[in-house]
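Colleague: structure here, sequence nowhere to be found:
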């Protein structure tokens, strides 16, 4: 019995000694601590590496965005700059290329680039000429792409003021393919230019200034000399529409002016204009008629327009469509159309003191004759609401 108790005491002592033995704890503690430090270090390195990668991605993405914006700017420059000045002109589209786009390094000589497309808008507002420009900016080392962003803008034609672009011809036409034709009794005191041909068809035409053409002309014996295509001020119809709306003289549809009638101020017609009757239509106090359609005369009215001292804008009869004045007219100011101009007179001599600008035109003096005198004040005056035609951004978005 005593022996059994002794053995039990010996076992209990060994168990106590084993549990109370501290040998190896320091090593275990050290290993745990080192493991924690290594884990923390690896996590820190991973976080730092991820932050570096994210920063690089953000940097490359931002750089790609700015490259895409540079591509939009370059596309607009190409569109709004004449070919003679290194641009491509308003009619340029990228579907002329096999790829359907152009690609240029940015900055020049680098492996980064923008890729531009310029195309007509398939669903534009019918009243405006609208295009879509896309630009994809890419950050690359020549093999691998590190960043890519794409921007799409819509742009429409607008008028931008252009210092120095003035009315400097008594009669001028824009078309390079259509003729400017003079018939019968025409007297012009000033210079004449056509971007196409000039034809003296019949009768007597006296031009006291120069008659030049980018095509052919029999107005003078110019031989083989070809004159440069000329630019003329374009009308900002939206600007004058705004003035008419503010003044309560905006018409949302076609309008007839029945003589005798007096009109003052800017009258803007969204459509066609007919000047009817056999009496007198007076456009007074610096007034003007603007039409997005045509302006035509029926019957045999007399049309007068005077330039008053209190109103210095010389624009008088302006249209996007054809202008046909088969009447007696005495007009101070500018007659301008983006279409065909037909001037003919009845019963007595008609006169214009200012300038005449058209896409193409026929001036027929008939038996009475037409006298056109250039107003030299137009050669130094930049008329508000006129300028050069450009594309202007109307919407912007980033796309995938």
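Modeller: Great, that's in hand. Nothing here was measured: the structure is a model prediction, and the numbers come from that model.
Colleague: residue 271 reaches residue 319, doesn't it?
Modeller: No: with contacts counted by CB atoms under 8 Å, residue 271 stays clear of residue 319, the gap being 10.6 Å. (Each C-beta comes from the backbone N, C-alpha and C, glycine too.)
Colleague: more crowded one of these two?
Modeller: residue 319 (27 against 14; other CB atoms under 10 Å).
Colleague: per-residue confidence at that one?
Modeller: Confidence at residue 319, expressed as pLDDT, is 98.
Colleague: could you measure from it over to residue 372?
Modeller: For residue 319, the distance to residue 372 equals 18 Å [CB to CB, to the nearest Å].
Colleague: ditto for residue 249
Modeller: According to CB to CB, residue 249 stands 28 Å off from residue 372.
Colleague: who has more neighbours out of the two?
Modeller: Taking other CB under 10 Å, residue 249 and residue 372 do not tie; residue 372 has more neighbours (25 against 19).
Colleague: which strand residues bridge that one?
Modeller: Beta-bridge partners recorded for residue 372 (DSSP bridges): residue 188, residue 352.
Colleague: mind listing what it touches?
Modeller: By CB atoms under 8 Å, 6 or more residues apart in numbering, the contact set of residue 372 is 170-171, 186-190, 351-352, 356, 363.
Colleague: are any of these buried, and which?
Modeller: Among these, those scoring as buried are 170-171, 186-188, 190, 351-352, 356, 363 (criterion: 16 or more other CB atoms under 10 Å).
Colleague: now residue 243. Nearest residue, chain neighbours left out?
Modeller: residue 266 (4.8 Å; CB to CB, 6 or more residues apart in numbering).
Colleague: can you tell me the helix or strand for the one you found?
Modeller: Assigned by DSSP states H and E, residue 266 belongs to strand 261-269.
Colleague: got the buried residues for that strand?
Modeller: Within strand 261-269, the residues scored as buried using 16+ other CB under 10 Å are 263-269.
Colleague: ok, it: who's next to it in the sheet?
Modeller: Using DSSP bridges, the strands paired with strand 261-269 in its sheet are strand 250-251 (parallel), strand 280-291 (parallel).
Colleague: least reliable of these by average pLDDT, please.
Modeller: For the strands paired with strand 261-269, mean pLDDT drops lowest on strand 280-291, to a mean of 87.
Colleague: these two touch, right, residue 268 and residue 240?
Modeller: Yes: between residue 268 and residue 240 there is a contact at 5.8 Å, judged by CB under 8 Å.
Colleague: what sits in contact with each of these two?
Modeller: With CB under 8 Å, 6+ apart as the test, residue 268 and residue 240 both reach residue 290.
Colleague: okay, and the helix or strand of the protein with the least pLDDT?
Modeller: When the helices and strands of the chain are compared on mean pLDDT, DSSP states H and E, helix 2-19 comes out lowest with a mean of 54.
Colleague: the strands in the stretch 301-400 of the chain, which residues?
Modeller: 302-305, 315-319, 323-326, 328-337, 340-344, 350-358, 360-364, 370-374, 386-399 (DSSP state E, counting those that start in this stretch).
Colleague: mind checking those strands for the one nearest to residue 206?
Modeller: Relative to residue 206, the nearest member of those by CB to CB is strand 370-374, separated by 9.7 Å.
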